[in-house]
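Chemist: starting from these lines, generate the structure:
(one chain, ligands or ions: 1)
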Amino acid sequence: MVIDMTIVLIAFSFIISVYFIFIRKPKGSKALNLPPGPPTLPIIGNLHQIGLELPHRAFRNLSKKYGPIMSLQLGQISMIVVSSPKLAEEVLKTNDLALASRPYALLADILLYGGIDIAFGRYSDYWRQMKKIVTMELLSVKKVQSFMGFRAEEIDRFTEVVQSSVGKPVHIRQRVMYMNNTVVCKCLFGNNCRQQDVLIELVEQVVALSSGFYIADLFPKLSFLSVISGMKSTLNHIHETLDKIFNEIFEDRRIKRQTTGPTEDDLVDVLFNIKERGGLRFPVTDNNIKAIFLNMLIGGTDTSVVTIEWAMTELMKNPDVMKKAQAEVREVFKGKKTVLESELNGLVYLKHIIKETLRLHITIPLLLPRECMEQCQVGGYDIPKKMKVIVNGLACGTDPEYWDDPETFKPERFEKTSYDFFGTSPEYIPFGGGRRICPGIAFGLVSIELTLARLLFHFNWELPNGMTPKDIDMTESHGVTAIKKSSLEVIPTVFIPFS
Ligand code: HEM
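Modeler: Purely as a prediction, here's the structure:
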């Protein structure tokens, strides 16, 4: 077995070396004034400097030595990483259009019907049309509010499940994940979401595969790697299963619409209406709808779960903050049966807690990568066409030039500031910025606020097994989202009943 592995490794190194010896350097790259960066090794580039560290943390550390704009080579992927608010602004605002595209991703190619979605789709007139539809018709504040009923049903169910666990340890993540996924499924498909459990499992697999730092992602020209690593077959399998589920749902809906006519109750209907209305420069197809739905299933579940879990973790770690937050929610909803979405506005301190969680535990620390469409300059350096550009949101949100005591969880820091979620201040970009900003801000925030408010209103919390706040594991896991490595386990001790 050992000998087999050695032969495989030698053969692999040989093939890669031969490949690299004959690879041509891009023409004209010498003439460009590229940003500096750490020295590279043949074949792997800077991969050894990342090692097993999380990329956003490794990049932040490297930027302390090599500067706020760095050229990096990870395997075959050249990239420029920006790690300061000032330069993030040059990417997200000054050069927003030139840097508005996304790089090729195998995952998008297979799962998202050749990248015809919003999140991974390349910038084009088609993409602009679809992003407008998603922003204005699927995820507008008004549309999100129209789904209040779905959220109310699921948050009540969730509260009851937690209530039934009083005195016993609960894994918050698991419960919230199921609730959020159900809400997203209902918003997309109404009450007849087929095979929801399969859908949840597949979405989880997609999230796990979408970090962009797998070997097949880093050596895309060695296409056999995606085969031998099993990435291609896994993606194909997920794609086929998802496609079948979507087809069945769409078929059911077509039959239903023959009797009920068009409604606006869920997003299948909204998009079917848009499709049937016609008149668009790029007609909407079933595959377009599937790709967008997949974006929403991925974007709409995992991100909120990550944030809720980190917020609860910080509350358990900081009992004074927990006490203050509980006092606020119990005061605002005093005499009420429970916390209702329509009255969340009064929870000012809770909103600061969420802002601080999104700063210190930024959900997608490297945002999503951009690709340069037209050569431009950032920080006085050239960014060549096709170059992958990464903004390190974690580095911006913890830059000591902008944040006092940046590594400490202090929701009070937002009391006297007016940070919003729309990328207006480059030191605070949890939802990205510019043309590529997240369209799901309203959708994500309302589920985070409602869930946390319920957890704080109805329950008191303890750590299990005699743990103290100091013992809580604060490490993150690998992946596109900075999910907590070990799922938070907490005990709801008291249930303050619906009066
Ligand atoms: C806490 C919740 C969420 C966070 C922190 C978050 C964060 C982000 C970030 C950082 C990006 C990349 C922005 C960039 O590249 O500049 C993004 C993109 C995106 N998000 Fe979210 N998101 C959240 C919730 C949602 C929800 C609920 C949905 C949909 C239901 C959604 C759908 C999308 C889509 C479609 C994109 C791609 C936008 C584009 O490329 O133009 N997100 N999100």
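
Chemist: can you list the residues of this protein near the ligand?
Modeler: In this structure, the chain approaches the ligand at residues 118-119, 131, 139, 295-296, 299-300, 303-304, 307, 363-364, 367-368, 430-433, 436-440, 443-444, judged by C-beta under 6 Å from any ligand atom. Just so you know, the C-beta spots here come from the backbone N, C-alpha and C atoms, and that holds for glycine as well.

Chemist: residue ranges with poor pLDDT in the stretch 151-300 of the chain?
Modeler: Filtered on pLDDT under 70, the stretch 151-300 of the chain yields the residue ranges 192.

Chemist: before we move on, the earlier item: among the residues of the chain next to the ligand, name the ones in helices.
Modeler: 131, 295-296, 299-300, 303-304, 307, 443-444 (DSSP state H).

Chemist: need the max-distance pair from the residues you listed.
Modeler: 131 and 307 (23.0 Å; C-beta to C-beta).

Chemist: stretch 129-149: how far from the chain's middle?
Modeler: 18 Å (C-alpha atoms, centre = their mean, to the nearest Å).

Chemist: apologies, that question was intended for stretch 404-414.
Modeler: 23 Å.

Chemist: show the end-to-end separation of that stretch, please.
Modeler: 12 Å (C-alpha to C-alpha, to the nearest Å).

Chemist: buried residues in that stretch?
Modeler: Under the neighbour-count criterion of 16 or more other C-beta atoms under 10 Å, stretch 404-414 has 406, 409-411, 413-414 buried.

Chemist: so which residues make contact with it?
Modeler: Identification of contacts with stretch 404-414 by C-beta atoms under 8 Å, 6 or more residues apart in numbering yields 314, 317-318, 321, 349, 351-353, 355-357, 360, 397-400, 403.

Chemist: for the ligand, what is the nearest residue in the stretch 101-250 of the chain?
Modeler: Going by C-beta to the nearest ligand atom, the ligand is nearest to residue 119 of the stretch 101-250 of the chain, at 3.5 Å.

Chemist: my guess is that residue meets residue 299, correct?
Modeler: Yes. If you go by C-beta atoms under 8 Å, residue 119 and residue 299 touch, sitting 6.8 Å apart.

Chemist: show me the strands in the stretch 251-400 of the chain, by range?
Modeler: 370-371, 376-378, 381-383, 388-391 (DSSP state E, counting those that start in this stretch).

Chemist: these two touch, right, residue 429 and residue 91?
Modeler: No. Residue 429 lies out of contact with residue 91 (C-beta under 8 Å); the separation is 10.1 Å.

Chemist: for stretch 134-154, buried residues please.
Modeler: Neighbour count says stretch 134-154 has 134-135, 137-139, 143-144, 147, 150-152, 154 buried, by 16+ other C-beta under 10 Å.

Chemist: which single residue in the stretch 251-400 of the chain comes nearest to the ligand?
Modeler: residue 299 (2.8 Å).

Chemist: in three-state terms, label the spatially closest residue to residue 196 that is not a sequence neighbour for me.
Modeler: Nearest in space to residue 196, with sequence neighbours left out and distances taken as C-beta to C-beta, 6 or more residues apart in numbering, is residue 185 at 5.5 Å. Here residue 185 is recorded as helix under DSSP: H, G, I helix; E, B strand; the rest coil.

Chemist: burial measure for residue 185, as a count.
Modeler: 28 (other C-beta atoms under 10 Å).

Chemist: and residue 376, bridged to which residues?
Modeler: Beta bridges link residue 376 to residue 383 when assigned by DSSP bridges.

Chemist: right, and it touches residue 383 too?
Modeler: Yes. Residue 376 lies in contact with residue 383 (C-beta under 8 Å); the separation is 5.3 Å.

Chemist: anything in contact with each of the two?
Modeler: 95, 98-99.

Chemist: kindly indicate which of the residues you listed lies nearest the ligand.
Modeler: Looking across the shared contacts of residue 376 and residue 383 and measuring by C-beta to the nearest ligand atom, the closest to the ligand is residue 99, at 10.0 Å.

Chemist: which non-adjacent residue is nearest the closest one?
Modeler: Excluding the flanking residues, the one nearest residue 99 by C-beta to C-beta, 6+ apart is residue 370, at 4.6 Å.

Chemist: same deal with residue 482?
Modeler: Nearest one to residue 482, counting by C-beta to C-beta, 6+ apart, is residue 476 at 4.4 Å.

Chemist: distance of that neighbour relative to residue 453?
Modeler: Counting by C-beta to C-beta, to the nearest Å, the gap from residue 476 to residue 453 is 25 Å.

Chemist: which one's more surrounded, these two?
Modeler: residue 453 (25 against 19).

Chemist: reduced to three states, what does the more buried one come out as?
Modeler: Applying three-state DSSP: residue 453 is helix.

Chemist: neighbouring contacts of whichever helix or strand residue 197 is part of?
Modeler: Residue 197 is part of helix 196-209 when elements are defined by DSSP states H and E. By C-beta under 8 Å, 6+ apart, the surrounding residues in contact with helix 196-209 are 107, 111, 177-178, 181-182, 185, 193, 231, 234-235, 238, 241-242, 245, 294, 297-298, 301-302, 479-481.

Chemist: can you list the buried residues in stretch 155-166?
Modeler: 155, 158-159, 162, 165.

Chemist: typo on my end, it should be stretch 320-337
Modeler: Buried, per 16+ other C-beta under 10 Å, within stretch 320-337: 321-322, 324-326, 328-329, 332-333.

Chemist: okay, those residues in a markdown table with pLDDT and distance to residue 255 next?
Modeler: Output for the buried residues of stretch 320-337, formatted as a markdown table (pLDDT from 0 to 100; distance: C-beta to C-beta, whole Å):
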| residue | pLDDT | distance to residue 255 |
| --- | --- | --- |
| 321 | 98 | 52 |
| 322 | 98 | 50 |
| 324 | 98 | 53 |
| 325 | 98 | 48 |
| 326 | 97 | 49 |
| 328 | 97 | 49 |
| 329 | 97 | 45 |
| 332 | 96 | 46 |
| 333 | 95 | 43 |
